[in-house]
Each structure stands twice: as structure tokens, then as C-alpha cells.
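In: mind folding the following:
(one chain, ligands or ions: 2)
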Amino acid sequence: MAARRSVAVLLKRSVVSAAKSPAQTRCISSSSSPRRKVAVLGAAGGIGQPLGLLMKLNPLVTDLSLYDIAGTPGVAADISHVDTTATVEGFAGEADLAKALKGCDLVIIPAGVPRKPGMTRDDLFKINAGIVKGLCTAIAEHCPGALVNMISNPVNSTVPIAAEVFKLHGTYDSRKLFGVTTLDVVRARTFYSVLKGLPVREVNVPVVGGHAGITILPLFSQASPKVQLTDEEIEALTKRTQDGGTEVVQAKAGKGSATLSMAYAGALFAEACLKGLNGVENIQCSYVASDITNLPFFSSKVRLGRNGVEEVLELGSLSDYEQKGLEALKEELQSSIQKGLDFVKPQHT
Ligand SMILES: NC(=O)c1ccc[n+]([C@@H]2O[C@H](COP(=O)([O-])OP(=O)(O)OC[C@H]3O[C@@H](n4cnc5c(N)ncnc54)[C@H](O)[C@@H]3O)[C@@H](O)[C@H]2O)c1
Ligand SMILES: O=C(O)C[C@H](O)C(=O)O
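Out: Ligands and ions are numbered 1, 2, ... in the order given. Okay, the predicted model is just below:
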């Protein structure tokens with residue numbers, strides 16, 4: 001999970017270089033990496049705007065395509081003035097979607113409505129399922145080989161929707177479709193390091209399952225560095241990680257859900273995918289097609305490489321508390337998966 005370090009280094013370098021000469025600024029881009037076109041769909045939104053900026057700062061990105069139903073020309077003009085190498089183009093409205101996607105190596109999807117207080121992620125299904133279906137249909141048509149990072153909620157269902165759409169078009173490659181659960185990992189790392197006074201850059205906590213309530217299962221028994229946790233501490237850390245999204249939704253009081261921390265997490269995961277594509281294998285948690293449990297989609301550690309998912313890693317040993325959490329999440333996760341599958345292909349059993 002070294003990706004977060006390199007984004008942090010990149011941000012630091014960018015801030016420093018902004019105060020220096022243009023020649024020094026250009027040094028932050030790598031000339032040896034291949035060209036990589038990345039699209040953000042939903043780029044004018046709360047996540048899309050800061051995520052677009054972070055991708056513009058990433059030297060692995062050479063071409064940045066910002067798509068939304070409206071508002072993207074302004075966002076693209078703004079981001080394009082940042083003095084890093086990536087070219088930036090903004091596309092607004094469906095007529096421009098094909099151009100936005102053509103030639104993409106990676107498509108990141110934060111398009112769709114966010115929660116308001118009192119809503120579950122599943123309450124977003126009605127609107128977001130159709131948005132994701134439409135965007136994935138266009139991906140199948142215009143950049144079928146691209147990796148897809150799904151951020152739109154409910155992730156537990158939108159990833160199966162994407163898989164079914166790609167199957168319908170004969171373009172499905174399970175190694176290339178990811179539900180982005182990095183924010184759960186980011187939260188677990190933060191809460192664990194704060195509670196135990198650990199340097200957060202050295203902390204890792206795998207988070208498995210899915211991305212909603214009890215389906216989010218942080219594995220503090222596998223956290224590193226390893227420190228003693230009481231049962232009460234484990235329960236509190238687990239609950240806070242599971243409820244992290246709701247904590248932000250409530251604090252924003254009707255003005256949406258996590259955007260800035262999600263943009264950060266989305267940028268970390270996108271960078272990890274790009275590194276993998278460029279042959280730098282690395283391990284991240286993500287919600288992918290999986291056979292390590294009896295569920296067809298499951299989040300766990302995966303090894304990223306040139307083809308996307310090179311390997312889905314086994315869960316490893318779980319504490320009794322985590323084992324119970326695993327059993328408890330299966331029914332909800334299975335039903336969210338089925339709901340996604342049925343949305344595209346109602347006869348699915
Ligand atoms: N996976 C995660 O960990 C995670 C974290 C935070 C938020 N989310 C989810 O991300 C989604 C976006 O959140 P946000 O706060 O950015 O919302 P937002 O409303 O601020 O932005 C969403 C954007 O999507 C655009 N959009 C709508 N339909 C579109 C379409 N057909 N094509 C392209 N763009 C379209 C909107 O115009 C808007 O600009 C929500 O579903 C939210 O629940 C996921
Ligand atoms: O909680 C939400 O609705 C947004 C996102 O899934 C999150 O975890 O912050």
C-alpha cells in the first residue's frame with residue numbers, strides 16, 4: 001500500500017515546486033512512463049472536482065478527460081492551468097461521452113447522487129443504478145479494455161451492475177472492474193493510528209467485505225504495526241470504520257457525503273492501478289469478482305498488475321470477532337449483489 005505515500009510525496013512536491021521556477025515544476029513529471037489516459041465521469045461533482053485535480057498532479061497521468069452532464073468546461077479550464085504535464089479536456093453532455101472515453105486506460109466513476117442524513121447507500125440505488133448502467137454501456141462501446149474504478153454508491157450493487165453490462169456487450173474482464181473501498185482503509189488506518197498513537201504512514205489495516213454498514217469489515221487482528229487492543233477498542237474501531245460515511249453525512253447536514261477524503265482515497269487507488277498497468281505490482285484492498293468466499297463479489301486484498309487484478313488474496317486468519325462479522329455481512333452483501341445483477345438482467349438467478 002505504498003501508493004498513498006507517493007501521492008503524499010507528489011502533493012508535497014507540487015506545493016513546493018509551485019513556488020519555484022516552471023522548469024523545476026516540470027521535473028515532477030516522469031518521462032519514462034507510458035502515456036496513460038484517465039477519465040473521471042462525474043467530474044464536476046463534489047468528488048469529481050478534487051479528484052480531477054489530484055489526477056492532474058499525478059505524473060503517471062498524461063491525458064486527463066473530465067466528463068459530466070454539465071459544468072465540465074469550467075472545471076477543465078480551471079484544472080488545466082495547473083502546471084503539471086497532463087493535458088486536460090472537459091466534456092459535457094452525452095453527445096461528448098464517446099470522445100471523453102476514447103483511448104482511456106482507466107475510467108473513474110464518481111457520477112451519481114450522494115446520501116442525505118437518514119438515508120442508506122442502498123436508497124441511492126434508484127437513481128445511481130441507471131446512471132452507472134448508462135456510463136458502463138458507453139465504456140463497453142468506446143474503451144472496452146480500460147480499468148474501471150467504481151465509486152458511485154451503492155458500490156455493493158453498482159459493481160455487479162457494471163459486470164452485467166459488460167457481459168451483455170461481450171467485453172467483461174473481471175480483472176478490470178473494481179469497487180473503490182480505499183476510503184474504508186484510509187479511515188481504519190486513521191482511527192487506529194490516532195487511538196494507539198502510531199505514525200499513520202506506517203499503519204496498514206486491511207478492510208474486507210463490501211462498502212456499506214456491517215458489510216465493511218476492518219481486520220484489526222491483521223493491522224500493522226501490531227499493538228494490543230482490548231475487545232472494547234476493537235469494537236469501537238470497527239463500528240467507527242463501518243459508520244465513517246454516516247459520520248460525514250451527518251456532519252454535512254444535508255450537503256452531501258464525503259468528497260475530499262474520497263477524492264484522496266480515489267486518487268490513491270487510481271495511482272495504484274496505473275502503477276500496476278505500468279508493471280509495478282502492488283497490493284490494495286478492493287471490491288472485485290472473487291471466489292475466496294461464497295459471494296461472487298467481495299472486497300479483499302488484491303495484487304494489481306499489468307492486467308488489473310493479477311490475484312485475489314485469501315483472507316488470512318481472522319479473530320472470532322471478525323469471523324462472526326464475516327458471517328453476519330454475507331446475507332446483506334449477497335442481496336445487494338443480486339439487486340445489481342437483477343437490475344441489468346432481471347431473469348438472473
Ligand atoms: N465509494 C466510496 O467510498 C464513496 C465515497 C463517497 C461518495 N461516494 C459516492 O460517490 C457518488 C458521488 O458523490 P458526490 O459527493 O461527488 O456527488 P455530487 O452530487 O457532488 O456529484 C455527482 C456528479 O455526478 C454527475 N452526474 C450525474 N449523472 C451523471 C451522468 N449520467 N454522467 C456523468 N455525470 C453524472 C452530477 O452532475 C454531479 O456533478 C455518490 O453516489 C456517493 O454516494 C462513494
Ligand atoms: O457514506 C456515504 O454515503 C458515502 C461513502 O460511501 C462513504 O463511505 O463516505
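In: up against ligand 1, what does the stretch 201-349 of the chain have?
Out: 211, 256-259, 262 (C-beta under 6 Å from any ligand atom). C-betas here are computed from N, CA, C, even on glycine.
In: counting neighbours, which of the residues you listed comes out on top?
Out: residue 211 (27 neighbours; other C-beta atoms under 10 Å).
In: how about the residues of the stretch 201-349 of the chain next to ligand 1 in JSON lines, adding distance to residue 338 and pLDDT?
Out: Shown next, in JSON lines, are those (distance: C-beta to C-beta, whole Å; pLDDT from 0 to 100):
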{"residue": "211", "distance to residue 338": "16", "pLDDT": "98"}
{"residue": "256", "distance to residue 338": "28", "pLDDT": "97"}
{"residue": "257", "distance to residue 338": "25", "pLDDT": "98"}
{"residue": "258", "distance to residue 338": "27", "pLDDT": "98"}
{"residue": "259", "distance to residue 338": "30", "pLDDT": "98"}
{"residue": "262", "distance to residue 338": "26", "pLDDT": "98"}
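In: could you identify the most distant pair in the residues you listed?
Out: 211 and 256 (16.8 Å; C-beta to C-beta).
In: can you tell me which helix or strand the closest residue to residue 169 other than its chain neighbours belongs to?
Out: Nearest residue to residue 169, sequence neighbours excluded (C-beta to C-beta, 6 or more residues apart in numbering): residue 140, at 3.6 Å. Using DSSP states H and E, residue 140 sits in helix 125-142.
In: surely residue 222 touches residue 205?
Out: Yes. Using C-beta atoms under 8 Å, residue 222 makes contact with residue 205 at a distance of 7.5 Å.
In: tally of neighbours for residue 33?
Out: Neighbours around residue 33, by other C-beta under 10 Å: 16.
In: could you measure from residue 79 over to residue 321?
Out: Distance, residue 79 to residue 321, using C-beta to C-beta, to the nearest Å: 44 Å.
In: more neighbours, these two?
Out: Higher neighbour count among residue 79 and residue 321: residue 79, with 24 against 16, using other C-beta under 10 Å.
In: measure the more buried one to residue 313 for me?
Out: From residue 79 to residue 313 the distance is 35 Å (C-beta to C-beta).
In: what secondary structure does the residue of the stretch 151-300 of the chain found nearest ligand 1 sit in?
Out: Proximity of the stretch 151-300 of the chain to ligand 1 (C-beta to the nearest ligand atom) peaks at residue 153, 3.4 Å away. Classification of residue 153 using DSSP: H, G, I helix; E, B strand; the rest coil returns coil.
In: list the contacts of it.
Out: Applying C-beta atoms under 8 Å, 6 or more residues apart in numbering to residue 153 gives the contacts 112, 114-115, 121, 124, 128, 211-212.
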